[in-house]
Structures are given as structure tokens and as C-alpha cells.
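K.L.:
How does the following fold in three dimensions:
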Amino acid sequence: MKDENIILLKSKRFALRIIKLYSYLCYKKREYVLSKQVLRSGTSIGANAKEGSVAQSRPDFYSKLHIALKEAAETEYWLELLHESGFLEKKYFDSIYIDCQEILKILTSILKTKQTNTN
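P.N.:
Numbers count the residues shown, from 1 in each chain. The predicted model follows:
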């Protein structure tokens, strides 16, 4: 099997979880505003990471992954709001929030490594 790019793999799995969360929030909780925000930002992480994987240059790569990092931070915020407002129960929040934080750490590490290698 070909070597897996960890951020692409984890961000895609995360996006699939976010899609399921969106569906749950809309159809079970009747919440449409915050759920749309978390859907947009949570699926954007992987899309930007994927774009970065075929970047035309180092600055392009850095830019795409930095956008993915910003989207992950935004997703973390929406998840916190969903939990604190009572739409997302603690056990579900804890699980997906840990995944989001892991993605944030991976992206931060990649960006720090690339920034160090370009200086």
C-alpha cells in the first residue's frame, strides 16, 4: 500500500464525521445555523490540505495548509458553541473535539517544520 499522508487521511475522516454531525444536528436537533457553519469549516480543512498536496510551490503549499489550520481553529470554535449551547452532548463533543485538536496539532507541526526548512 502506498504511504498515507497523515493529514489528508485524518482530515478526510474528520470531514466525514462532520457531515454525519451536520445531518444529526439538522434532523434530530433541528439546528440549522451553527450546523451549517461547522459543516463548511470542518470539511474545508481536508479540501485545503488536499490542495496543498499538489501545490505549485512552497509558498503555495504553506498558504493552503495555513488556510486549513485556520479552518480547523474555526471548526473548534463552532464545536465549542454547539456543546455549550446544549446541541451537542458531552460524549459526542469530547470525541470529535479531540479529533479536531489532533488535526490542529498536526497542521501546526507541519507548518512549523516547513517554515524552519525554508529559513
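K.L.:
Quick one: list the elements packing against the lowest-mean-pLDDT helix or strand in the chain.
P.N.:
Lowest mean confidence among the helices and strands of the chain (mean pLDDT, DSSP states H and E): helix 90-118, at a mean of 91. Judged by 3 or more C-beta pairs under 8 Å, 6 or more residues apart in numbering; DSSP states H and E, the packing partners of helix 90-118 are helix 6-27, helix 33-53, helix 58-84. Backbone N, C-alpha and C define where each C-beta goes, glycine included.
K.L.:
switch the cut-off to 6 Å
P.N.:
helix 6-27, helix 58-84 (3 or more C-beta pairs under 6 Å, 6 or more residues apart in numbering; DSSP states H and E).
K.L.:
Save the ones you listed as a markdown table, and put in mean neighbour count and mean pLDDT too.
P.N.:
Listed next are the helices and strands packed on helix 90-118 as a markdown table, based on neighbours: other C-beta atoms under 10 Å; pLDDT from 0 to 100:
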| stretch | mean neighbour count | mean pLDDT |
| --- | --- | --- |
| helix 6-27 | 17 | 98 |
| helix 58-84 | 18 | 97 |
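K.L.:
about what we covered before: tell me what angle the least confident helix or strand of the chain forms with helix 33-53.
P.N.:
30 degrees (axes from the mean of the first three to the mean of the last three C-alpha atoms, to 10 degrees).
K.L.:
Go through helix 90-118 and flag the buried ones.
P.N.:
92-93, 96-97, 99-100, 103-104, 106-107, 110-111, 114 (16 or more other C-beta atoms under 10 Å).
K.L.:
Take the residues you listed and write them to JSON lines, including distance to Ser57.
P.N.:
Output for these, formatted as JSON lines (distance: C-beta to C-beta, whole Å):
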{"residue": "Tyr92", "distance to Ser57": "40"}
{"residue": "Phe93", "distance to Ser57": "38"}
{"residue": "Ile96", "distance to Ser57": "34"}
{"residue": "Tyr97", "distance to Ser57": "34"}
{"residue": "Asp99", "distance to Ser57": "30"}
{"residue": "Cys100", "distance to Ser57": "29"}
{"residue": "Ile103", "distance to Ser57": "24"}
{"residue": "Leu104", "distance to Ser57": "25"}
{"residue": "Ile106", "distance to Ser57": "22"}
{"residue": "Leu107", "distance to Ser57": "19"}
{"residue": "Ile110", "distance to Ser57": "16"}
{"residue": "Leu111", "distance to Ser57": "15"}
{"residue": "Lys114", "distance to Ser57": "12"}
